[in-house]
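Chemist: what's the 3D shape of this:
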Amino acid sequence: MKSKTAFVLFLFAATLAISACASGDESADTIYHNGTIITINDAQPRAEAVAVLDGKILAVGAKDEILRIKGDATKLVDLEGRTMLPGFVDAHGHVMGGGLQALSANMLAPPDGNVKDIASLQQTLREWIAANEETVKKIDLIVGFGYDNSQLAEKRHPMREDLDAVSESVPIVLVHQSGHLIAVNSKALALGGIDAETADPSGGIIQRRDDGKEPNGVLEETAAFPLLLKLLGRVGPDGATAFLRAGAELWARFGYTTAQDGRSVPALVEVMKAVADAGGLKIDVVSYPDVLVDRDLIKREVSSTYKNRFRVAGAKLTIDGSPQGFTAWRDRPYYKPVGNYPPGYSGYPAATAEQVGDAIDWAFANNIQILTHSNGEAASDQLITYIRAATNKHGMGDRRPVLIHGQFLREDQVDSLKTLEIIPSLFPMHTFYWGDWHREHTVGPILANNISPTGWCLKRGMKFTSHHDAPVAFPNSMRVLDATVTRRTRSGKILGPEQRIDVMTALKAMTIWSAWQHFEEDSKGSIEVGKLADFVILDKDPTVVDPETLDQVNVTETIKEGVTVFNLAESRKAVACPQPGNRSELAFSRAITVLADDAGHHNHDHDHAHGNPCFCGAVSMITAAIAGGEEGN
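Modeler: Residues are numbered from 1 along each chain as shown. Below is the predicted model of the structure:
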């Protein structure tokens, strides 16, 4: 009886959709058919065909009914058995940083790179230098992105002497995969004026040798950003434009039709606006500028509508740092931290309590959505405290504040998130990349099971979103889906089976719930009449394949408002996008040479940090430096 009722409702919805369209004698521009269509619309979960007109969805339903609005000029797209879903909406990432990855030597561990130990890290740098010798001479700088001490055989950061062995004359800067730390050689330290007499800055640490004085080359949080600004300002003022375009293309390659720049600074907002106005964005980009840098800009630019595919959507705040880098602020000591940490070490905040409280109060007072980076339990306690205070003062409203990451959330904190209507934007992909590290070093075998607690959220009937935080890793939508469903670590272990969720719920967290997080649920996130024709086409149906093979499903096409913005077959011919674990050094060489030519001999010294530290802070500092932007606090 239930199946019969569902079928009747399905036909009724389809008939309504068709009659609404047919009444205006409108013919579709495009009709998609002959595949699996997953709508993410609970009222009509599946369809046989979808019609599009002027970039919007005209009709959804049975193939025979949809074909009635086929006109002479209608394009019929045969899905050939593939699966179509609504385009993925980026709940948290750094699209500028995604383009930035093309600038640097690939320091990622397998499966996204080849760095397994200090020796292979050094060899990768040497090969990169040899492939880009002319560029290195022009900008007098060697940059690597994505090393991860937790994945190196030595279980430590590369030290200054390790990098000196690669070059003593050219400064080297390696950005940690988390973005919260950098490793540099002696030349870079000297250029930064960092020596045994240099004190640790507020919110940052200069790691030292065994004597407790001499820097070992590893800089954390605010200790890192001034040097990054000074060195990377050499690349040239036009670099950020190239990075934004490249980042948006990379997001589209993984099925995202909306990308996020999860912590922008003013110079980059201007770059994004300029690229958008020049027609340079193939997908939508939402920006969240740092609330501790320029609130006037946020108030002036914030908008619920896009202009040329770009809008400022709200504000970004950061309370702490990286869980795998031991800079997240916990409510208890780390389990077995690797490094020279004092007994009882529990991380530290990246902003003062006064800054956090004032920023949240300001956002609530101005009805501006605020996204807050919070990983450790102590950081989340602080966020909850100030959200509660702001709610009591200004009323609940519909501001949809977001907690970003929440890796070490306690269950009582999830209850508070629900009560205060704080959206958890979780990072289950962490379970794959750093699950083993969390079990062995950060929180231990018991608490590691609750990293990114999607199961707790689902149990409470909460909407939550899942993200990739690229370029921490590639914006690989299928890796996000796989990790959310299976929670399988690199070593093959399951991290917290009770936190696993089903495929359809995981897809909602990447589509309709992410659209809702951005206040865009009326136009995105599901395949429904009247919404934007934003689609992703996969080679397999993720709801029927073995969950253990979800990471092997491929995005074959991405469609933004009825226009294809990525096609896998064409991409393979052109080799236009960097592939995980298979970077194109030729493409990189061309890109970096262009940027170096743009830079000329203009070097910009930026000697102060901007705003608060986080991975997005690192990306923004780098791209702001490249853009030639100097931001005040």
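
Chemist: Quick one: the strands in the stretch 351-500 of the chain, in order.
Modeler: 370-374, 402-405, 423-426, 465-466 (DSSP state E, counting those that start in this stretch).

Chemist: TSV for the ones you listed, including distance to Lys155, mean pLDDT and mean neighbour count?
Modeler: Quick note: C-beta positions are derived from backbone N, CA and C, even for glycine. Below are the strands of the stretch 351-500 of the chain laid out as TSV (distance: least, C-beta to C-beta, whole Å; pLDDT from 0 to 100; neighbours: other C-beta atoms under 10 Å):
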stretch	distance to Lys155	mean pLDDT	mean neighbour count
strand 370-374	26	98	28
strand 402-405	23	98	27
strand 423-426	27	98	26
strand 465-466	28	98	28
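
Chemist: for those, which one sits closest to Leu152?
Modeler: When these are compared by C-beta to C-beta, strand 402-405 sits nearest Leu152, at 23.1 Å.

Chemist: and the closest one, how far from the chain's centre?
Modeler: Centre-to-centre, strand 402-405 and its host chain are 12 Å apart (C-alpha atoms, centre = their mean, to the nearest Å).

Chemist: Likewise for stretch 389-409?
Modeler: Using C-alpha atoms, centre = their mean, the offset of stretch 389-409 from its chain centre is 20 Å.

Chemist: Could you list the buried residues of it?
Modeler: Using 16 or more other C-beta atoms under 10 Å as the test for burial, stretch 389-409 gives 390-391, 399-409.

Chemist: For Glu80, which of the strands of the stretch 351-500 of the chain is the nearest?
Modeler: strand 465-466 (28.9 Å).

Chemist: Pull up the pairing partners for that closest one, direction included.
Modeler: If you go by DSSP bridges, strand 465-466 pairs up with strand 423-426 (parallel).

Chemist: what's the distance between the strand it pairs with and the middle of its chain?
Modeler: That offset, for strand 423-426, works out to 13 Å (C-alpha atoms, centre = their mean).

Chemist: any chance of the strands of the stretch 351-500 of the chain in TSV, with distance to Leu121 too?
Modeler: Shown next, in TSV, are these (distance: least, C-beta to C-beta, whole Å):
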stretch	distance to Leu121
strand 370-374	27
strand 402-405	26
strand 423-426	30
strand 465-466	30
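
Chemist: Figure out which of those strands is closest to Thr385.
Modeler: Closest of the strands of the stretch 351-500 of the chain to Thr385 is strand 370-374, at 11.5 Å (criterion: C-beta to C-beta).

Chemist: Who does that closest one pair with, and is each partner parallel or antiparallel?
Modeler: strand 315-318 (parallel), strand 402-405 (parallel).

Chemist: Ok, which of those strands comes nearest Met504?
Modeler: That would be, of the strands paired with strand 370-374 and by C-beta to C-beta, strand 402-405, which comes in at 22.4 Å.

Chemist: if I look at Trp309, how far off is Glu377?
Modeler: Wrong residue type there; residue 309 is Arg, not Trp. 38 Å (C-beta to C-beta, to the nearest Å).

Chemist: what's the answer for Glu570, then?
Modeler: Distance from Glu570 to Glu377, by C-beta to C-beta: 47 Å.

Chemist: more neighbours, those two?
Modeler: Taking other C-beta atoms under 10 Å, Glu570 and Glu377 do not tie; Glu377 has more neighbours (25 against 11).

Chemist: For the spatially most central residue of the chain, which residues are in contact?
Modeler: Taking C-alpha atoms, centre = their mean, the centroid of the chain lies closest to Gly93, which sits 1.9 Å from it. By C-beta atoms under 8 Å, 6 or more residues apart in numbering, Gly93 lies in contact with 251, 259-262, 467-470, 475.

Chemist: Same check on Trp251?
Modeler: Shown in contact with Trp251 (C-beta under 8 Å, 6+ apart): 90, 93, 95, 98, 259, 283, 470, 475.

Chemist: change it to 10 Å
Modeler: With contact taken as C-beta atoms under 10 Å, 6 or more residues apart in numbering, Trp251 is in contact with 88, 90, 93, 95, 98-99, 257-260, 282-285, 468, 470, 474-475, 477, 558, 565-566.

Chemist: Okay, and which of the residues you listed map to helices?
Modeler: Counting by DSSP state H, those place 95, 98-99, 477 in helices.

Chemist: which one of these has the most neighbours?
Modeler: For the ones in helices among the contacts of Trp251, neighbours tallied by other C-beta under 10 Å; top is Val95, 34 neighbours.

Chemist: before we move on, the earlier item: could you identify the least confident member of the ones in helices among the contacts of Trp251?
Modeler: Ranked by pLDDT, the ones in helices among the contacts of Trp251 bottom out at Gly99, which has 73.

Chemist: wait, that residue sits on Leu268?
Modeler: No - contact between Gly99 and Leu268 fails when scored by C-beta atoms under 10 Å: they sit 11.4 Å apart.

Chemist: re the thing from before, excluding its backbone neighbours, what's nearest the residue nearest to the centre of the chain?
Modeler: Ala470 (4.7 Å; C-beta to C-beta, 6 or more residues apart in numbering).

Chemist: Please apply the same query to Ala274.
Modeler: Distances taken as C-beta to C-beta, 6+ apart put Thr241 closest to Ala274, at 7.2 Å, once the chain neighbours are dropped.

Chemist: looking at it, the one you found is touching Ala267, isn't it?
Modeler: No - the criterion here is C-beta under 10 Å, and Thr241 misses it with Ala267 at 11.5 Å.

Chemist: Give me the distance between Arg487 and Met159.
Modeler: The value you get for Arg487 to Met159, if C-beta to C-beta is used, is 34 Å.

Chemist: whoops, Tyr32 was the one
Modeler: 55 Å.

Chemist: got it, and Ile40?
Modeler: In terms of C-beta to C-beta, Ile40 sits 48 Å off from Met159.

Chemist: returning to that earlier point: I'd like the contacts of Gly93 laid out as a markdown table, including distance to Tyr335.
Modeler: Below are the contacts of Gly93 laid out as a markdown table (distance: C-beta to C-beta, whole Å):
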| residue | distance to Tyr335 |
| --- | --- |
| Trp251 | 35 |
| Ala259 | 35 |
| Gln260 | 32 |
| Asp261 | 34 |
| Gly262 | 28 |
| His467 | 25 |
| His468 | 26 |
| Asp469 | 23 |
| Ala470 | 27 |
| Pro475 | 30 |
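
Chemist: now the residues you listed as a markdown table including pLDDT?
Modeler: Shown next, in a markdown table, are the contacts of Gly93 (pLDDT from 0 to 100):
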| residue | pLDDT |
| --- | --- |
| Trp251 | 96 |
| Ala259 | 98 |
| Gln260 | 98 |
| Asp261 | 96 |
| Gly262 | 96 |
| His467 | 97 |
| His468 | 94 |
| Asp469 | 93 |
| Ala470 | 89 |
| Pro475 | 92 |
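
Chemist: quick one: which of these is nearest Leu181?
Modeler: So of the contacts of Gly93, ranked by how close each gets to Leu181 (C-beta to C-beta), first place is Asp469, at 15.4 Å.

Chemist: how deep is that closest one tucked in, by neighbour count?
Modeler: 27.

Chemist: what sits against it?
Modeler: So Asp469 contacts 90-94, 97, 178-179, 260, 262, 373, 404-405, 425, 427, 429-430, 475, 480, 615-616 (C-beta under 10 Å, 6+ apart).

Chemist: Please spell out the ChimeraX selection for the buried subset of the residues you listed.
Modeler: Paste this into ChimeraX to select the buried members of those, with burial taken from 16+ other C-beta under 10 Å:
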select :90,91,92,93,94,97,178,179,260,262,373,404,405,425,427,429,430,475,480,615,616
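
Chemist: what residue ranges in the chain are flagged as low confidence?
Modeler: 1-25, 100-103, 235-239, 574-633 (pLDDT under 70).

Chemist: Tell me how far Ala515 lies from Lys463.
Modeler: Following C-beta to C-beta, the distance that separates Ala515 from Lys463 is 11 Å.

Chemist: who touches both of those two?
Modeler: In contact with both Ala515 and Lys463: 508, 521, using C-beta under 10 Å, 6+ apart.

Chemist: of those two, who's got more company?
Modeler: Higher neighbour count among Ala515 and Lys463: Ala515, with 28 against 19, using other C-beta under 10 Å.
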